[in-house]
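Asker: Test case, fold it:
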Amino acid sequence: NNFSENFIINPNAPGLMPILNWRRVSKVHALRLGKRADNDGRVKFLCLLVWLFASARLPALAIEKTDPIDTNRPSFCQSGIVVPRGTLQLENGSQYQHFQHGGDYFDIPETEVRIGATRRLELQMFVPQYVLVHGPSQSFEGASGLNEVGLKTQLIDREHLSASLVTAVNIPSGMRRISGSVAQPVLRLPYSIHLGKRWSVCGMQSLIINGPGGEVQWQPFAMVTRSLSPTSSAFAEYAGFFTQNSHRPSFQVAHFGAVKNIKTYHQVDAHFGFGLNRSSPSAFVGVGYSFRINDLSLFDSPKKTHLR
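Answerer: Numbers count the residues shown, from 1 in each chain. Reported below is the predicted structural model:
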């Protein structure tokens, strides 16, 4: 077993998969999730949700370049909306984790690149990051691979409901002990339900295919957020990571944090959490800074010119 699979949990660094991978990783004790039929049921259920959202045919409002920045950080649940067309958004951070067996994990910069291609579509990816792992029996450091390289499509963006679909792949281009040796398909369905001006309920259902054997990891996330002011908010979140294999443990964590827009297109965040079972990290903490560049002309419509 490779060390990163066993111990890492990174929310904003999906590459270190299986557990807290803001999307992400860890593994020590085993949990049986039942027969393959049970896992097939989860796959069918997620596909049904995607079909229901896609067939709703509700027009998307889409955020504009003048709207405040909206990020995937620092929660496990991603935002239910895409970035504005013709913009570049960089979401950066760093995280420290301590495990019950005595191991420590640190990463930087956890950078996700998001580019608005159209009003309903964005290109996204996590760039390689530096990872430092120190354990009771072994220590190592190196670079992760390219993670969640793919597309995010807006399905719904109404006043009280937003939802999107992420289709991506983790590319094992980094250190093998960190990024693995095979590509991992990723499917995510993040959504948000707005309950008045201050409260929102968010969630994300995800399926990730791990390893050459095609084991499926199911990641159910649920979160409650509250607006503290026009420029800040706080959240409380549950994140679970369940793999279709009797030799892999489940990981479940409680997660809390806050974000603040220091300017319209700039955001800072801080977060912390702890494990809810023996195989999860005993504690983790992180900070981040994100910003959006609005004058990206790559995907802007060409301006009409008139001959005189």
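Asker: And residue 207, how close does it get to residue 124?
Answerer: 17 Å (C-beta to C-beta, to the nearest Å). Placement of C-beta: from N, CA and C, glycine included.
Asker: who's more crowded, those two?
Answerer: Neighbours were counted for residue 207 and for residue 124 using other C-beta atoms under 10 Å; residue 124 has more, 22 against 18.
Asker: beta partners of the closest residue to the more buried one other than its chain neighbours?
Answerer: Leaving aside its chain neighbours, residue 124 sits nearest to residue 114 (4.8 Å; criterion: C-beta to C-beta, 6 or more residues apart in numbering). Under DSSP bridges, the beta-bridge partners of residue 114 are residue 89, residue 124.
Asker: Can you name the residues that contact residue 114?
Answerer: 72, 82-83, 88-91, 122-124, 152 (C-beta atoms under 8 Å, 6 or more residues apart in numbering).
Asker: Just the pLDDT at it, thanks.
Answerer: On the pLDDT scale, residue 114 is placed at 98.
Asker: ditto for residue 174
Answerer: Predicted confidence (pLDDT) for residue 174: 91.
Asker: Which strand or helix spans it?
Answerer: Counting by DSSP states H and E, there is no helix or strand that carries residue 174.
Asker: Was I right to think it contacts residue 144?
Answerer: Yes - in this structure, residue 174 is within contact of residue 144 by C-beta atoms under 8 Å, at 4.5 Å.
Asker: what about residue 178, helix or strand, and which?
Answerer: Judged by DSSP H and E, residue 178 forms part of helix 176-179.
Asker: Within the sheet, what are the partner strands of whatever helix or strand comes next after that helix, with directions?
Answerer: Counting by DSSP H and E, the next helix or strand C-terminal to helix 176-179 is strand 184-195. Partner strands and pairing direction for strand 184-195 (DSSP bridges) are strand 161-171 (antiparallel), strand 199-210 (antiparallel).
Asker: Wait, a helix at residue 245?
Answerer: No - the assignment for residue 245 (DSSP: H, G, I helix; E, B strand; the rest coil) gives coil, which keeps it out of a helix.
Asker: If the residue lying closest to it once chain neighbours are set aside is in a bridge, with which residues?
Answerer: Excluding its sequence neighbours, the residue lying closest to residue 245 (C-beta to C-beta, 6+ apart) is residue 215, at 5.1 Å. Residue 215 has these beta-bridge partners by DSSP bridges: residue 210.
Asker: related to what we said a few turns ago, out of the contacts of residue 114, flag the one nearest to residue 267.
Answerer: Taking C-beta to C-beta as the measure, residue 267 sits nearest to residue 91 out of those, at 8.3 Å.
Asker: secondary structure element for the closest one?
Answerer: Residue-wise, residue 91 maps onto strand 88-98 under DSSP H and E.
Asker: before we move on, what about residue 248?
Answerer: Going by DSSP H and E, residue 248 is not in any helix or strand.
Asker: I figured it hits residue 216, correct?
Answerer: No - look at residue 248 against residue 216 with C-beta under 8 Å: they stay out of range, at 11.0 Å.
Asker: Same drill for the two, tell me which one is more crowded.
Answerer: residue 248 (28 against 19).
Asker: my guess is the residue nearest to residue 245 meets residue 208, correct?
Answerer: No - if you go by C-beta under 8 Å, residue 215 and residue 208 don't touch, sitting 9.2 Å apart.
Asker: For the closest residue to residue 109 other than its chain neighbours, give its distance to residue 288.
Answerer: Nearest residue to residue 109, sequence neighbours excluded (C-beta to C-beta, 6+ apart): residue 92, at 4.9 Å. Residue 92 sits 6 Å away from residue 288, going by C-beta to C-beta.
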